[in-house]
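Novice: Any chance you could fold what I've pasted below:
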Amino acid sequence: MGHGHGHSHAHGHSHAHGNANNKKALFLSFIIITTYMIVEVIGGIITNSLALLSDAGHMLSDAAALGLSLTAIKLGERKATIGKTFGYKRFEIIAAALNGVTLILISLYIFYEAYQRFLNPPEVKSLGMLTISIIGLMVNIIAAWLLMKGDKDENLNVRSAFLHVIGDMLGSVGAISAALLIYFFDWGIADPIASVIVSILIIISGWRVTKDSFHILMEGTPSHIDYEQVKSSLHAIPSVQDVHDLHVWSITSGVLVLSCHITIQDNGNHDVILHAAQTILHDEFGIDHSTIQTEKLEFGCPSQHGACN
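Specialist: The predicted structure is shown next:
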């Protein structure tokens, strides 16, 4: 009977490097978005423009999302403790889930506001709306570019913040289009129509981020990992009789964990099989954290009185 644990330090270094890039991108984006939000609030109060104050509200949600994502990464760097043996990395996924839910709530609020405007189209100062929307678009493009330089494809937390900025960028595009239609054609209904189109796009993104983060929080098998392929690859190791009680999950984006029981033939060598299993998991599936229990065929599985799945 034996037990083994595998961990790759190279992966840890690349994860730390990715975190440094993510922190820089999130921090710079946070500063840019927050600064412009303050300018927009002041401009909205001075010009008595509801459109500017409304857009400032969107910017506030972006700033909050970026700040939450940045805090999550900083917390995730804290060392593991006796009470939190995996450390605080999982907080990144909690932040992503909160950001995803916020995106959905913002979309629903935009739907509500658009409905009110369909019923009662307000007078919109199209030139002021156009000017602020163009500046807002440029600010969001810069923030989106900074976040694209981060690890948004691999890190769900950064992706959720990126989607917040993209949502606001789409909002700016919609506002520019609506402002032009109102200015040239006096088509006031263009404002709520643009809002509805943008909010549909935002709610789709929000749903995807929320679904992905809840899948990780529920310790589901990562979408890019073929569970049956992992099992069959381990089963193919010489002297392995059976693979059961197999679990694959993520602590946070890019940090995969596996545990399983491997039944080996009586003449099988525990250390050789364990090394082969950890090599396969690392090389073929990118799983660096593995806990593998081996048991001889003649003794069977000790847990649950031998009734392992």
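Novice: Ile202 contacts Ile106, correct?
Specialist: Yes - applying C-beta atoms under 8 Å, one finds Ile202 in contact with Ile106, separated by 6.6 Å. From N, CA and C alone the C-beta is placed, and that goes for glycine too.
Novice: Need the residues touching each of those two.
Specialist: Counting by C-beta atoms under 8 Å, 6 or more residues apart in numbering, the shared contacts of Ile202 and Ile106 are Gly167.
Novice: roughly how far out does whatever helix or strand Ile106 lives in sit from the chain middle?
Specialist: Here Ile106, judged by DSSP states H and E, is contained in helix 91-119. Here helix 91-119 shows a centroid-to-chain-centroid distance of 16 Å under the convention C-alpha atoms, centre = their mean, to the nearest Å.
Novice: same check, this time on stretch 185-192
Specialist: Offset of stretch 185-192 from its chain centre (C-alpha atoms, centre = their mean): 35 Å.
Novice: pLDDT on that stretch, on average?
Specialist: Mean per-residue pLDDT for stretch 185-192: 82.
Novice: do the same with stretch 251-268
Specialist: For stretch 251-268, mean pLDDT is 90.
Novice: for the nearest residue to Leu127 once chain neighbours are set aside, what are its contacts?
Specialist: The shortest distance from Leu127 to any non-neighbouring residue, by C-beta to C-beta, 6 or more residues apart in numbering, is to Tyr183 (6.7 Å). By C-beta under 8 Å, 6+ apart, the residues touching Tyr183 are 126-127, 130.
Novice: Now tabulate the residues you listed in CSV and tack on pLDDT, neighbour count and secondary structure.
Specialist: Formatted as CSV, those follow (pLDDT from 0 to 100; neighbours: other C-beta atoms under 10 Å; DSSP: H, G, I helix; E, B strand; the rest coil):
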residue, pLDDT, neighbour count, secondary structure
Ser126, 78, 20, helix
Leu127, 82, 11, helix
Leu130, 84, 20, helix
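Novice: quick one, strands of the stretch 201-309 of the chain?
Specialist: 240-252, 255-264, 289-296 (DSSP state E, counting those that start in this stretch).
Novice: tell me which strands and helices the second one is in contact with?
Specialist: It stands for strand 255-264. Judged by 3 or more C-beta pairs under 8 Å, 6 or more residues apart in numbering; DSSP states H and E, the packing partners of strand 255-264 are helix 227-235, strand 240-252, helix 270-285, strand 289-296.
Novice: List of residues touching the second one?
Specialist: What it means is strand 240-252. By C-beta under 8 Å, 6+ apart, strand 240-252 touches 76, 86, 89-90, 92-93, 156-157, 216, 219-222, 225, 227, 230-231, 234-235, 256-265, 268, 273, 287, 289, 293, 297, 301, 303, 308-309.
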